[in-house]
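Participant: what would the 3D arrangement of this be:
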Amino acid sequence: MCEQGIQELSQTDAVDMGQIIGSHDILFVCLDALRYDVAVQEEAAARTPFLNRYGKWEKRQAAGSFTYPAHHAMFAGFLPCHFETKNMAQRELLFYPRAIGLRRKVPKGAYAFYGSTWIESLAQEGYETWCVGGVSFFDKHSDMGKVFPGFFQKSDWNPSFGCRVKDSTKNQVDFILHKIACADPKKHILLYLNIDAIHYPNYFYENGATCDSLSSHAAALRYVDGELGRLWDGWKRQRGSGFVICCSDHGTCYGEDGNLYHGLNHPAVLTVPYKHFMIS
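Facilitator: Sure thing, here's the model as predicted:
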């Protein structure tokens with residue numbers, strides 16, 4: 001099909017990243033492994049009040065089937081795309097990588113960059129770039145675990161942030177709120193936060209459970225919601241307004257069609273929730 005025959009989808013909420021970058025902090029919050037169906041189930045039941053405060057979840061296509069490929073894509077500008085997207089020209093791009101020849105024209109509202117990641121580009125714009133890790137791809141204990149933290153000027157991980165710690169998200173939020181209290185108020189911050197509480201294992205968020213399930217996955221999300229409320233309210237008190245990108249990198253399976261967890265091509269893995277919004 002010729003390029004002229006391709007219809008582009010509109011930008012969500014008419015976001016103009018050119019106006020946001022340089023004037024606002026940016027918070028990129030990844031709810032690692034969160035399923036879309038569980039997210040909207042909890043939203044509809046009003047069991048995630050802090051996430052619900054900032055609009056409904058959108059149904060999107062995952063950028064990859066597990067953390068490593070999904071994050072390479074997202075940090076290069078390819079956030080989870082609209083579920084109805086049929087071709088690359090229809091992708092909503094908040095961050096547009098100029099160097100790879102996607103389109104002749106920068107999409108309306110997108111921030112164009114030349115670096116290997118938009119994180120690198122924001123650092124050149126004067127942002128302090130921070131990473132607070134969760135899953136092992138951010139723990140810096142191996143060469144692979146150093147790749148993503150290496151994209152940022154500052155990166156932090158400690159065992160209390162790990163998947164097997166029930167209070168992992170509380171520990172991450174406590175750390176971030178302490179960190180921003182000491183931050184230079186004159187410099188904008190890009191914070192990336194990888195929340196791993198919803199990732200397996202999550203059975204300990206459901207009373208009496210001994211194995212992971214859809215219900216413990218949902219219970220983990222409810223726990224995370226409360227901690228995100230603390231993060232956003234604390235950020236507003238200490239830093240003022242900020243632009244938030246909140247999404248999952250991939251979903252996960254709990255026995256559907258014989259599949260367990262992720263790293264495989266299944267609708268439960270490849271369908272994710274997404275939203276972006278302003279806190280002020």
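
Participant: pLDDT on stretch 240-248, on average?
Facilitator: Computed over stretch 240-248, the mean pLDDT rounds to 97.

Participant: with stretch 52-59 instead?
Facilitator: Mean predicted lDDT for stretch 52-59 stands at 97.

Participant: and that stretch, what's buried?
Facilitator: 52, 57-59 (16 or more other Cβ atoms under 10 Å). (Each C-beta comes from the backbone N, C-alpha and C, glycine too.)

Participant: then it to CSV, C-alphas only?
Facilitator: C-alpha atoms of stretch 52-59 as CSV (Å, rounded to 0.1, in the frame of the first residue of the first chain):
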residue,chain,number,x,y,z
ASN,A,52,-8.7,5.6,38.6
ARG,A,53,-8.2,9.3,39.6
TYR,A,54,-6.3,9.8,36.4
GLY,A,55,-8.6,8.4,33.8
LYS,A,56,-9.4,5.0,32.4
TRP,A,57,-6.9,2.4,31.2
GLU,A,58,-6.4,2.1,27.4
LYS,A,59,-6.1,-1.3,25.7
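
Participant: please enumerate residues in contact with that stretch?
Facilitator: Applying Cβ atoms under 8 Å, 6 or more residues apart in numbering, the contact partners of stretch 52-59 are 12, 36, 39-40, 43, 46, 51, 82-83, 229, 244, 246, 271, 273-275, 277, 279.

Participant: one more time with 7 Å
Facilitator: Stretch 52-59 is contacted by residues 12, 36, 39-40, 43, 46, 83, 271, 273-275, 277 when judged by Cβ atoms under 7 Å, 6 or more residues apart in numbering.

Participant: so which of the residues you listed wins on neighbours?
Facilitator: With neighbours defined as other Cβ atoms under 10 Å, the most crowded of the contacts of stretch 52-59 is Ala39; it has 27 neighbours.

Participant: got the contact list for the residue nearest to Ser215 when sequence neighbours are not counted?
Facilitator: Nearest residue to Ser215, sequence neighbours excluded (Cβ to Cβ, 6 or more residues apart in numbering): Glu206, at 5.7 Å. Counting by Cβ under 7 Å, 6+ apart, Glu206 touches 215-216, 219.

Participant: show me which of these are buried.
Facilitator: By neighbour count, with 16+ other Cβ under 10 Å, those hold 216, 219 as buried.

Participant: now the contacts of Glu206 in a markdown table, with secondary structure and pLDDT?
Facilitator: Listed next are those as a markdown table, based on DSSP: H, G, I helix; E, B strand; the rest coil; pLDDT from 0 to 100:
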| residue | secondary structure | pLDDT |
| --- | --- | --- |
| Ser215 | helix | 98 |
| Ser216 | helix | 98 |
| Ala219 | helix | 98 |
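
Participant: just send the contacts of Glu206 back as CSV, with distance to Glu256 too.
Facilitator: Putting these into CSV (distance: Cβ to Cβ, whole Å) gives the following:
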residue, distance to Glu256
Ser215, 14
Ser216, 15
Ala219, 19
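
Participant: re the thing from before, and which of the contacts of stretch 52-59 is nearest Asp25?
Facilitator: Of all the contacts of stretch 52-59, Phe277 has the smallest distance to Asp25: 13.3 Å, by Cβ to Cβ.

Participant: distance between stretch 132-152 and the chain's centre?
Facilitator: Put simply, stretch 132-152 sits 15 Å off its chain's centre (Cα atoms, centre = their mean, to the nearest Å).
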